[in-house]
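>>> What would the 3D arrangement of this be:
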Amino acid sequence: MKIPRSSGILLHPTSLPSRFGIGDFGKEAFHFAEQLSASGQTIWQMLPIGPAGYANSPYQALSAFAGEPLLISLENLVQRGYLEPADLENAPAFPQDTIDYDAVRAWKIPLLAKAARNFLSSAQGNDPEQFQRFCSANAHWLEDYAMFAVLRSQFPGRSWVDWDRGLANRDPQELSKVRRELHAEMETQKYWQFEFYRQWFALRDFCKRRGLLLMGDLPIYVSHESADVWAHRDQFCLDRRGNPSFVAGVPPDYFSQTGQLWGNPIYRWSAMQRNGFTWWIERFRNTFHLFDIVRVDHFRGFEAYWSVPAGEKTAVNGKWMKAPGRKLFRKLSQSLGELNVVAENLGVITNEVEELRREFGFPGMAVLQFAFGSDPQAATFRPHNFERHVFAYTGTHDNDTIMGWWNSGSGNSTRSHEETEQEKIAVRRYLGPHNEPLNWSFIRLLYASVADVVIIPMQDVLGLGSEARMNLPGSDDGNWRWRMLPGAFPPSLEAQLRELAEIYERMPHHPADES
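Numbering: from 1, shown residues only. Here you go, the predicted model:
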């Protein structure tokens with residue numbers, strides 16, 4: 001992948017301002033795109049946009065193909081005539097700086113259901129034809145997802161393995177019965193996906209006209225509670241009942257004495273390889289249909305993955321298993337052409353992983369927060385050691401904000417007070433004399449580096465503390481909730497970012513510039 005020297009912002013759409021409790025694909029998304037363009041940015045990066053599952057995590061989506069219905073703009077539905085302006089007049093007084101997911105769903109889902117009823121009964125213009133084309137083009141995943149979503153509502157709070165046996169095992173007669181008896185509910189789910197994709201591509205086209213590239217995030221694993229696992233049981237390591245027999249995670253390391261136990265089912269790579277990696281090809285095809293660039297989370301797992309027997313309480317008793325990553329990416333390249341992939345190669349990375357990444361030309365990542373500790377890999381994250389072909393960050397969605405990290409002592413419970421103080425001394429020495437806030441010193445340091453691409457989380461642009469942290473790994477409570485306040489990104493900040501982009505030659509590149 002070749003991208004000119006550039007910069008971008010990491011902000012998930014749910015974090016956009018909105019009077020409806022959660023950011024969406026409405027006017028604030030278009031306004032933010034305009035602000036990025038005015039700020040001299042080239043890339044808008046976001047987290048996975050699938051329907052969030054356990055603990056509202058976008059990394060535990062209910063489908064590898066579907067979109068999150070809560071991102072649908074209600075105001076857009078009013079403009080199209082499928083809701084009335086009065087429907088939005090009595091919106092609750094949602095908090096502006098966080099997402100109350102339960103409250104948002106309780107208010108927004110009934111309105112999305114009303115829009116679906118209106119659409120399905122009296123769709124206007126060429127909407128019926130567009131809807132049918134969408135359903136036909138996406139039938140390979142949409143039919144299974146729609147049924148899965150409907151059945152989840154029929155068995156609330158229950159895993160799909162605990163549904164009626166015929167449904168859990170996808171008995172053809174039972175599935176046909178569902179299609180007949182719950183046809184309207186399935187059509188509603190399909191309409192939500194149609195509307196999600198329609199609004200998404202309107203935003204993407206808007207960004208493209210302003211020279212903005214959209215960068216997505218592809219988690220290596222999918223949730224056990226997903227349409228993908230339910231519909232493709234042979235592709236995953238499951239027992240006869242459908243429960244995982246082995247689950248994913250990472251072993252103990254510098255940051256965690258017991259490792260991380262994610263709980264996602266492990267892929268049955270032998271079965272995937274026998275059918276030509278069809279599921280992966282369709283997954284990547286769909287992702288590149290949505291995004292210009294894709295960050296592949298836990299890229300390390302495509303070379304070797306940590307497999308933990310189901311039922312373990314920690315990730316300690318797992319073992320490394322080889323994955324056919326080289327064969328997979330060759331097949332993907334043959335089927336899809338050049339892959340605009342960024343490899344998330346953070347953590348303990350082996351030479352074999354780096355060889356795989358470099359063979360396919362995938363840039364890796366560098367995180368400035370990791371540059372000043374005593375971790376043996378810290379030196380590779382210092383800007384004077386960067387390679388050019390890298391995406392550099394102040395921090396990611398899993399990190400504390402820069403100001404939160406600085407003020408709370410690196411935010412790592414495994415670090416002693418002495419280690420934290422030594423880290424701060426190293427930061428001060430590296431930065432040298434400066435008279436600007438620490439977050440801007442970090443941003444400037446990355447902009448000035450040789451890294452081809454620099455991505456800054458919006459929270460660091462705003463100089464926010466730990467209250468704005470997006471995710472705390474290992475915690476199931478309070479994550480994915482942060483929202484940007486209205487007016488928090490004023491023209492003065494746009495100008496400040498643009499000045500750095502100009503000084504350090506990261507302004508958007510357009511072919512017309514060369515003529």
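>>> What is the end-to-end distance of stretch 369-387?
Taking CA to CA, to the nearest Å as the measure, stretch 369-387 stretches 17 Å from start to finish.
>>> My error: substitute stretch 339-349 in the last question.
Taking CA to CA, stretch 339-349 runs 21 Å from one end to the other.
>>> which of the residues in it are buried?
Buried residues in stretch 339-349, counting neighbours by 16 or more other CB atoms under 10 Å, are found at 339-347, 349. Heads up, the C-betas are built off the backbone N, CA and C, glycines and all.
>>> Over to stretch 439-448?
439-447.
>>> Could you do stretch 290-309 as well?
Neighbour-count burial for stretch 290-309 flags 290-308 (criterion: 16+ other CB under 10 Å).
>>> picking that back up, so which of the buried residues of stretch 339-349 sits lowest on pLDDT?
In terms of pLDDT, Gly347 ranks lowest among these, with 85.
>>> For it, give me its contacts.
Going by CB atoms under 8 Å, 6 or more residues apart in numbering, Gly347 touches 250, 253, 300.
>>> Show the backbone phi and psi for the closest residue to the first one other than its chain neighbours.
Excluding its sequence neighbours, the residue lying closest to Val250 (CB to CB, 6 or more residues apart in numbering) is Gln260, at 4.9 Å. Gln260 adopts backbone torsions of phi -120, psi 130, taken as degrees, to the nearest 10.
>>> does Gln260 really touch Val316, like I thought?
No - with contact defined as CB atoms under 8 Å, Gln260 does not reach Val316; the gap is 10.8 Å.
>>> Which one's more surrounded, the two?
Neighbour tally, Gln260 and Val316, criterion other CB atoms under 10 Å: the higher count belongs to Gln260, 20 against 14.
>>> Distance-wise, check the more buried one relative to Ser475.
For Gln260, the distance to Ser475 equals 12 Å [CB to CB, to the nearest Å].
>>> Met484 is in contact with Pro13, isn't it?
No - with contact defined as CB under 8 Å, Met484 does not reach Pro13; the gap is 10.8 Å.
>>> Can you work out which residues contact both of these two?
Residues touching both Met484 and Pro13 (CB under 8 Å, 6+ apart): Gly23.
>>> about what we covered before: take the buried residues of stretch 439-448 and lay them out in JSON lines including pLDDT.
Shown next, in JSON lines, are the buried residues of stretch 439-448 (pLDDT from 0 to 100):
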{"residue": "Asn439", "pLDDT": "95"}
{"residue": "Trp440", "pLDDT": "95"}
{"residue": "Ser441", "pLDDT": "94"}
{"residue": "Phe442", "pLDDT": "94"}
{"residue": "Ile443", "pLDDT": "96"}
{"residue": "Arg444", "pLDDT": "93"}
{"residue": "Leu445", "pLDDT": "95"}
{"residue": "Leu446", "pLDDT": "97"}
{"residue": "Tyr447", "pLDDT": "96"}
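>>> Just the ones in helices from those residues, please.
439-447 (DSSP state H).
>>> Tell me the helix or strand right after the host helix or strand of Glu34.
Using DSSP states H and E, Glu34 sits in helix 27-38. Remark: after helix 27-38, the chain's next helix or strand is strand 43-45, criterion DSSP H and E.
>>> What average pLDDT does that next one get?
In the prediction, strand 43-45 has an average pLDDT of 98.
>>> So for the helix or strand just after it, mean pLDDT?
The element immediately downstream of strand 43-45 (helix or strand, assigned by DSSP H and E) is helix 74-79. Averaging pLDDT along helix 74-79 yields 98.
>>> for helix 74-79, the distance to its chain's centre please.
On the basis of CA atoms, centre = their mean, to the nearest Å, the separation between the geometric centre of helix 74-79 and that of its chain is 25 Å.
>>> what do you get for stretch 159-178?
With CA atoms, centre = their mean as the basis, stretch 159-178 stands 30 Å off its chain's centre.
>>> neighbours around Gly487, how many?
Count around Gly487 with other CB under 10 Å applied: 7.
>>> quick one: what helix or strand has it in it?
Under the assignment here (DSSP H and E), Gly487 is part of no helix and no strand.
>>> Which secondary structure element of this protein has the lowest mean pLDDT?
Every helix and strand in the chain was compared by mean pLDDT, DSSP states H and E; the lowest is helix 417-431, with a mean of 80.
>>> for that helix, the distance to its chain's centre please.
Distance of helix 417-431 from its chain centroid, counting by CA atoms, centre = their mean, is 31 Å.
>>> Tell me what angle that helix forms with helix 438-448.
Orientation check (axes from the mean of the first three to the mean of the last three CA atoms, to 10 degrees): helix 417-431 against helix 438-448 gives 50 degrees.
>>> which parts of the longest helix belonging to the chain are buried?
Secondary structure of the chain read by DSSP H shows that its longest helix is helix 183-209. Buried residues in helix 183-209, counted by 16+ other CB under 10 Å: 185-200, 203-204, 207.
>>> What lies in contact with the following helix or strand past it?
Downstream of helix 183-209, the next assigned helix or strand under DSSP H and E is strand 213-218. With CB under 8 Å, 6+ apart as the test, strand 213-218 has contacts from 3, 8, 42-49, 58, 204, 207, 283-284, 287, 290-297, 342, 455.
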